[in-house]
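Undergrad: have a look; sequence and predicted model below, questions after that.
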Amino acid sequence: MALWGGRFTQEADARFKDFNDSLRFDYRMAEQDIEGSIGWAKAIASVGIITPQELASLTSALNELLEEVRQNPHSIAGAGFEDIHSYVESRLIDKVGDLGKKLHTGRSRNDQVATDIKLWCRAQISVLAGSIRNLQKKLTLAAEAYKDVVMPGYTHLQRAQPVVFGHWALAYVEMLDRDFIRLENAGRLMNRCPLGSAALAGTAYPVDRDALAKDLGFDEATGNSLDSVSDRDHIAEILGCAAISMMHLSRFAEDLIIYNSGESAFLDLSDRVTSGSSLMPQKKNPDALELIRGKTGRVYGALMGILTTLKALPLAYDKDMQEDKEGLFDALDTWHDCLDMAALVLEDIRIRADRTLEAAKGGYSNATELADYLVSKGVPFREAHHMVGELVVYAIGAGKPLEDLTVDEFRKVSDRIGDDVYPCLEISSALAKRCAKGGVAPEQVAAAIQRMKRHLGI
Ligand code: ARG
């Protein structure tokens with residue numbers, strides 16, 4: 001059954017075969033392997049290795065096989081072959097007999113696997129890009145629905161200045177936009193096809209590799225055969241995209257977990273994305289979000305894994321490189337699932353505007369407004385900052401928010417404070433002042449929502 005029996009007189013040890021075989025995971029590249037094989041069949045036909053009739057038979061058998069593997073891809077996993085390349089070749093031979101044995105002329109599994117995995121990554125990019133866009137849309141719609149809901153903004157997880165929920169949601173839309181662009185850029189670097197590099201030194205048949213590359217949807221052929229079969233940069237790159245985006249998703253998850261805690265109680269998560277405790281009947285746990293946060297670790301692990309596997313690997317192909325796939329498949333599945341789960345969580349999230357407003361009013365988060373008020377009265381900001389600090393200490397002692405201090409109390413610190421201070425201490429005033437681009441002022445948030453809706457086509 002193996003592709004390479006001639007040189008061997010002994011059977012492989014079953015334990016080695018188990019250890020060595022990759023079909024149980026690389027079956028996922030079945031479509032790409034067949035696609036690449038059709039391309040290669042055309043290439044060898046163009047240099048006379050097979051006749052046009054033979055090409056037609058190979059192509060139709062490969063297309064038939066493509067249909068079959070699409071029906072039930074997972075059934076291939078246990079078919080007992082060494083890898084997906086052996087599986088496809090053997091199934092082809094079942095269909096067309098000895099003609100199938102000509103397909104591997106001038107090709108190696110080294111350029112074949114390099115091509116398959118690149119094609120697979122390219123196909124994943126559009127799927128993942130779709131999930132990023134979907135989550136961005138959900139976030140933008142949530143931003144619109146909750147654009148006036150005041151909530152505390154935090155630094156150091158201490159209430160800092162008031163913001164609105166819409167502004168918070170748009171922060172994640174921005175992050176995801178960078179993730180989208182990063183993925184697109186990664187795709188742009190995956191535009192060269194390694195097929196025709198053979199084992200390491202290049203194919204011994206004068207095929208037009210650029211035409212072959214274009215036929216497979218690439219822009220051109222790769223430039224150096226040694227590099228072609230040993231390059232797995234695209235895997236590290238796409239895992240880098242996944243890792244950064246998962247970092248964003250983990251922050252999204254963590255924010256919502258905090259906002260959902262009993263102490264904050266800023267929002268309710270739907271029963272559809274939470275689960276209960278086997279012991280404590282009252283519990284409703286944010287499992288979807290915790291899993292997004294937790295799965296970030298395994299995606300980082302896949303990135304570290306591929307970088308470590310490739311480190312100091314001598315040119316050209318080494319079997320170590322077979323270790324490129326499981327982490328890649330797992331990490332991209334995980335990223336994809338987390339993007340979709342984050343969108344699902346947002347679908348029927350309920351923000352408790354009374355609670356967020358109450359929290360935004362506490363914590364002296366209008367202290368900056370008081371300092372700015374003093375600045376408007378001619379006090380240099382650094383001095384104003386100090387005075388307000390003293391007033392906050394006083395107000396904490398008196399058990400009052402700043403806006404409940406009397407003018408006399410304010411004047412203990414600065415005689416420049418008058419009745420006109422009170423409007424400045426209101427949340428609406430704090431929000432309205434942040435009117436430069438990117439700020440939390442209502443018109444800025446509304447404009448940002450409109451910009452994003454246009455950008456996302458909603
Ligand atoms: N299963 C192998 C891999 O994933 C395919 C390439 C095998 N090449 C070889 N020379 N043994 O890397």
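TA: Cool, got the structure. In this text the structure is predicted, and so the values were computed from the model without any measurement. Numbering: from 1, shown residues only.
Undergrad: where in this protein is pLDDT low?
TA: 1 (pLDDT under 70).
Undergrad: show me the longest helix that occurs in it.
TA: helix 109-145 (DSSP state H).
Undergrad: which parts of that helix are buried?
TA: By neighbour count on 16 or more other Cβ atoms under 10 Å, the buried set for helix 109-145 is 109-122, 124-125, 128-129, 131-144. C-betas here are computed from N, CA, C, even on glycine.
Undergrad: list the contacts for whichever residue of the stretch 301-450 of the chain sits closest to the ligand?
TA: In the stretch 301-450 of the chain, the residue that lies nearest the ligand is Q322 (3.7 Å; Cβ to the nearest ligand atom). Residues in contact with Q322 (Cβ atoms under 8 Å, 6 or more residues apart in numbering) are 22, 26.
Undergrad: check the one 5 residues further on too.
TA: Shown here is G327, whose contacts under the criterion Cβ under 8 Å, 6+ apart are 239, 301-302, 305-306.
Undergrad: which of the residues you listed are buried, as a PyMOL select command?
TA: Selection command for PyMOL covering only the buried members of these, criterion 16+ other Cβ under 10 Å:
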select buried, resi 239+302+305+306
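Undergrad: quick check: residues of this protein near the ligand?
TA: Counting by Cβ under 6 Å from any ligand atom, the chain comes close to the ligand at 22, 26, 83, 109-110, 113, 317, 319, 321-322.
Undergrad: closest one of those residues to Y373?
TA: Distance to Y373 across those (Cβ to Cβ) is lowest for M321, with 64.3 Å.
Undergrad: wait, what's in contact with the nearest residue to the closest one once chain neighbours are set aside?
TA: Leaving aside its sequence neighbours, M321 sits nearest to R232 (Cβ to Cβ, 6 or more residues apart in numbering; 6.3 Å). Counting by Cβ under 8 Å, 6+ apart, R232 touches 114, 117, 306, 310, 321, 324.
Undergrad: any chance of those residues in JSON lines, plus distance to Y259?
TA: JSON lines is the format used below for these (distance: Cβ to Cβ, whole Å):
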{"residue": "A114", "distance to Y259": "46"}
{"residue": "I117", "distance to Y259": "40"}
{"residue": "I306", "distance to Y259": "35"}
{"residue": "L310", "distance to Y259": "40"}
{"residue": "M321", "distance to Y259": "44"}
{"residue": "D324", "distance to Y259": "39"}
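Undergrad: what about A41, helix or strand, and which?
TA: When secondary structure is defined by DSSP states H and E, A41 falls within helix 30-46.
Undergrad: relative to helix 109-145, how tilted is that helix?
TA: 130 degrees (axes from the mean of the first three to the mean of the last three Cα atoms, to 10 degrees).
Undergrad: check which helices and strands the host helix or strand of S228 sits against.
TA: Secondary structure from DSSP H and E places S228 in helix 225-230. Packed against helix 225-230 by the contact rule (3 or more Cβ pairs under 8 Å, 6 or more residues apart in numbering; DSSP states H and E) you find helix 109-145.
Undergrad: what is the burial count for I396?
TA: Residues contacting I396 under the criterion other Cβ atoms under 10 Å number 11.
Undergrad: next: Y373.
TA: Number of residues near Y373 (other Cβ under 10 Å) recorded here: 25.
Undergrad: name the SS class of it, please.
TA: helix (DSSP: H, G, I helix; E, B strand; the rest coil).
Undergrad: the closest residue to it other than its chain neighbours and Q158: what is the separation?
TA: Distance criterion Cβ to Cβ, 6+ apart; nearest residue to Y373, sequence neighbours excluded, is C424 at 4.6 Å. When distance is defined by Cβ to Cβ, to the nearest Å, C424 is 22 Å away from Q158.
Undergrad: looking at these two, which one has more neighbours?
TA: Taking other Cβ under 10 Å, C424 and Q158 do not tie; C424 has more neighbours (17 against 10).
Undergrad: if I read this right, R416 contacts E383, doesn't it?
TA: No - with contact defined as Cβ atoms under 8 Å, R416 does not count as touching E383 (10.7 Å).
Undergrad: between these two, which is the more surrounded one?
TA: R416 (16 against 13).
Undergrad: tell me which element the more buried one is part of?
TA: Going by DSSP H and E, R416 is not in any helix or strand.
Undergrad: quick one: contacts for it?
TA: Neighbour list for R416: 374, 377-379 [criterion: Cβ under 8 Å, 6+ apart].
Undergrad: same check, this time on I427
TA: Counting by Cβ under 8 Å, 6+ apart, I427 has contacts 150, 162, 357, 360-361, 366.
Undergrad: what is in contact with R416 and E383 at once?
TA: With Cβ under 8 Å, 6+ apart as the test, R416 and E383 both reach L374.
Undergrad: what sits against K42?
TA: 55, 59, 212, 215.
Undergrad: show the buried residues in the residues you listed.
TA: Using 16+ other Cβ under 10 Å as the burial test, the contacts of K42 include 55, 212, 215 as buried.
Undergrad: which non-adjacent residue is nearest the first one?
TA: In this case it means L55. A45 (3.9 Å).
Undergrad: neighbours of the one you found, just the number please.
TA: When counting by other Cβ under 10 Å, one arrives at 19 neighbours for A45.
Undergrad: repeat for the one 5 residues further on
TA: Burial of I50, expressed as a neighbour count using other Cβ under 10 Å, amounts to 20.
Undergrad: and the gap between it and the ligand?
TA: 23 Å (Cβ to the nearest ligand atom, to the nearest Å).
Undergrad: same question for R454.
TA: With distances taken as Cβ to the nearest ligand atom, R454 is found 44 Å from the ligand.
Undergrad: does that residue sit in a helix, a strand or a coil?
TA: With three-state DSSP as the basis, R454 sits in helix.
Undergrad: count the neighbours of it for me.
TA: 9.
Undergrad: ok, now D219?
TA: Neighbour tally, D219, other Cβ under 10 Å: 12.
Undergrad: what residue, apart from its backbone neighbours, is nearest it spatially?
TA: N191 is the one closest to D219 (Cβ to Cβ, 6+ apart), at 4.2 Å.
Undergrad: before we move on, what about I84?
TA: Closest to I84 by Cβ to Cβ, 6+ apart is D26, at 4.5 Å.
Undergrad: state the distance from the one you found to D116.
TA: Taking Cβ to Cβ, one finds D26 at 8 Å from D116.
Undergrad: what's the overlap in contacts for these two?
TA: Jointly contacting D26 and D116 under the rule Cβ under 8 Å, 6+ apart are I84.
Undergrad: hmm, back to that, A helix includes the residue of the stretch 301-450 of the chain closest to the ligand, no?
TA: Yes - counting by three-state DSSP, Q322 is part of a helix.
Undergrad: how close does it get to T309?
TA: Q322 is 9 Å from T309, by Cβ to Cβ.
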